[in-house]
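> Quick one: sequence plus predicted model below, questions after.
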Amino acid sequence: MFDARIRSENLRELVEVIGTLVDEAKFTFTKDELTTKAVDPAHVAMVELVVSKNAFEKYKSDDLELGIHLDKLRSILKLTKPGDEVSLHYDDEKNRLVIQVGNITRTMSLVDTAGMSEPKVHKLNLPASVSIKVQELTQGIKASESISDHLALVITPDGFEMSSEAESDSTHLKVPKEALTELKCKENVRSLFPLDYFTNMVKAASSADTVTMHLGTDFPVKLEFSIAQGHGNVKYLLAPRIETK
Amino acid sequence: MFDARIRSENLRELVEVIGTLVDEAKFTFTKDELTTKAVDPAHVAMVELVVSKNAFEKYKSDDLELGIHLDKLRSILKLTKPGDEVSLHYDDEKNRLVIQVGNITRTMSLVDTAGMSEPKVHKLNLPASVSIKVQELTQGIKASESISDHLALVITPDGFEMSSEAESDSTHLKVPKEALTELKCKENVRSLFPLDYFTNMVKAASSADTVTMHLGTDFPVKLEFSIAQGHGNVKYLLAPRIETK
Amino acid sequence: MFDARIRSENLRELVEVIGTLVDEAKFTFTKDELTTKAVDPAHVAMVELVVSKNAFEKYKSDDLELGIHLDKLRSILKLTKPGDEVSLHYDDEKNRLVIQVGNITRTMSLVDTAGMSEPKVHKLNLPASVSIKVQELTQGIKASESISDHLALVITPDGFEMSSEAESDSTHLKVPKEALTELKCKENVRSLFPLDYFTNMVKAASSADTVTMHLGTDFPVKLEFSIAQGHGNVKYLLAPRIETK
């Protein structure tokens, strides 16, 4: 049994956070929360999402696993405006999801979850971290776009840096310690990342004001932030690229 | 002789209503009104438009038939903003239309109407009808877009329904009797229509608040609405598709 | 030495005025002003730009020539909003431009100016001129777009005209003497121009309220206008086309 009602803006955040990496995903429901873990097809990035039942206007569920096509949820979100509520109901007889928005009822077939492997999350010991405004990351990304397909993330005891380099052109964003909400760093760390993946993750974080970034040297970066007014928690992991200089 | 002046927003409504089905059309002017009948090239849909001289700021005409390229009128409308007036004058010596907007004079060759056949409008006896907000139809169309190329329109004694079905997905809009301006129905009627045509017709009706829809079972649907502050009347006919279930 | 700070909207105007004709340009700095002359690759149009140091918030320069990629400046402008200031600094050791916007530092390689020839500006004796609202030119251009790839500019003792003609369609803009800020004309002059170039020039003039146009018969047209709150002066020259009637 799964029977819930959620405000469209919360559903949208949830869908975008997952949908930036995969087309379909396994959603695991328990009586208190919903969780999803997914890896993108190229195995470059991972997302782990936990949404408490408090993100919903109404939430009742047994233990349940549903394979959901994210594009189908997106097509329903197009029918809504902020403030609208979306009802979701699992029809276990016909194994499908029944969704209601206003006068519209949408019936949706599910994806077989048998073939969906659960990504394994390795414990990572990332030595440095910052809490930073999403908006700063967005500016750094925009500046990098015209320079390179990669960008380096750097944390020093003085602040956070983001840079991109081409033959003779470069761009560099420096956010000093004082402009950061939090900074934990004993010694400089630096890793290089693919710009496109990082851009999509930061875009999906745009409804959060601040993200926490955990960084090492030549290690994956971990981005953590809240969605659904703090009732949902998102963790992204992005694999580093090899620096050639 | 044809000499008229019209507000750009009225001209735009008039052009869009016809232009959604055909590229060029024969406009028939009399001293009191202008009428157009047109069938789309695939003979799937028909439009009949009657615009009273009261839709114009100034209107003087003999009995006259002009073949007009709708794209040329659209290019003139791009020069206007709401409230602007457009003057139209038929130069019978050179057989062309002379149009003025502000400081700009546009001379336009006409299309030979000899090859344009007048569509024959058969009397249709459609047993059920509703008057419904355009906005409800727009929601139903948006919901159907991700499902199928067709949609079914249904009238029952309880209300109006719109649905679209694919293999295992479906969408269903139900507007109950109470939310309709008018409902005439003794027994259920249902027909299937091509989504693209229906979408274009409803888009052309967007300046009207409400449309009246006449429906039968496996019969064409007739949409009727007003344009130009009630001084113009539009009737669309759309042929049904064969339902395979 | 070159060290300056400028508001982003002034830099944008400056970049667009040049960038509409060329991808890269030689900027010549002196202690009081910056000048650029450029010809488009097809040698159809020319621009001459002079910007006083008063267009800058801060301006210090020796005599200096820098070859600048305009697209790189555009990518920096994307990081700004109106009111933001952009700092520009020439690093003569590494021969590159260092630009700062907020927390971002952008390093930019320069283009070798050795291969860039200075266009020679011939003295032209253009007998007629008008000062006209940019907006009128924009309307005339929009009206011409659906008709032809060329447009004729005409000045008569009575006013300014702009027209475009195809087989049996035509468009004509007439701005009477009274609606012009200034009119100097003893006898009618008329030249034909390529619509695309003229459109781009007028677009680049959109921040100016009024442009002055100097015209002859089968002569280039000269457009003159101000940018950067009057601290910059732009002169465009556009070669005429041969009229076939």
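Sure thing, it's come through. Numbering: from 1, shown residues only, chains lettered A, B, ... in the order given.
> Where does residue A:138 fall, secondary structure wise?
Using DSSP states H and E, the element containing residue A:138 is helix A:134-145.
> Check which residues of the next helix-or-strand element following that helix are buried.
Reading on from helix A:134-145 to the C-terminus, the next helix or strand found by DSSP H and E is strand A:150-156. For strand A:150-156, the neighbour count (16 or more other C-beta atoms under 10 Å in any protein chain shown) marks A:150, A:151, A:152, A:153, A:154, A:155, A:156 as buried. The C-beta positions use only the backbone N, C-alpha and C, and glycine is treated the same way.
> what's strand A:150-156 packed up against?
Helices and strands touching strand A:150-156, by 3 or more C-beta pairs under 8 Å, 6 or more residues apart in numbering or on different chains; DSSP states H and E, are strand A:128-133, helix A:134-145, strand A:159-165, strand A:189-194, helix A:195-204, strand A:210-215.
> Each with direction, which strands does that strand pair with?
Using DSSP bridges, the strands paired with strand A:150-156 are strand A:159-165 (antiparallel), strand A:189-194 (antiparallel).
> just the CA coordinates of it, formatted as PDB?
Taking Å, rounded to 0.1, in the frame of the first residue of the first chain, the C-alpha atoms of strand A:150-156 are listed here in PDB:
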ATOM      1  CA  HIS A 150      36.700  20.600 -16.700                       C
ATOM      2  CA  LEU A 151      37.000  22.600 -13.600                       C
ATOM      3  CA  ALA A 152      39.200  22.300 -10.500                       C
ATOM      4  CA  LEU A 153      37.700  22.600  -7.000                       C
ATOM      5  CA  VAL A 154      40.100  23.700  -4.300                       C
ATOM      6  CA  ILE A 155      39.800  24.200  -0.600                       C
ATOM      7  CA  THR A 156      42.600  25.900   1.400                       C
END
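> can you list the residues that contact it?
A:128-130, A:140-141, A:144, A:160-165, A:183, A:185, A:188-195, A:198, A:213, A:215, A:221, A:241, A:243 (C-beta atoms under 8 Å, 6 or more residues apart in numbering or on different chains).
> about what we covered before: in CSV, list the strands paired with strand A:150-156 along with mean pLDDT and mean neighbour count.
Shown next, in CSV, are those (pLDDT from 0 to 100; neighbours: other C-beta atoms under 10 Å in any protein chain shown):
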stretch, mean pLDDT, mean neighbour count
strand A:159-165, 96, 22
strand A:189-194, 97, 21
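> Using a markdown table, lay out those strands together with distance to residue C:33.
Converted to a markdown table, these look like this (distance: least, C-beta to C-beta, whole Å):
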| stretch | distance to residue C:33 |
| --- | --- |
| strand A:159-165 | 34 |
| strand A:189-194 | 43 |
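> Can you tell me the element the spatially closest residue to residue A:121 that is not a sequence neighbour falls in?
Once flanking residues are discounted, residue A:121 sits nearest to residue A:48: 6.5 Å by C-beta to C-beta, 6 or more residues apart in numbering or on different chains. Per DSSP H and E, residue A:48 falls inside strand A:45-52.
> strands paired with the helix or strand following that strand, and their directions?
Downstream of strand A:45-52, the next assigned helix or strand under DSSP H and E is strand A:58-61. Here strand A:58-61 has these sheet partners by DSSP bridges: strand A:2-7 (antiparallel).
> Give the residue spans of chain A that score low on pLDDT.
For chain A, the stretches flagged by pLDDT under 70 are A:245.
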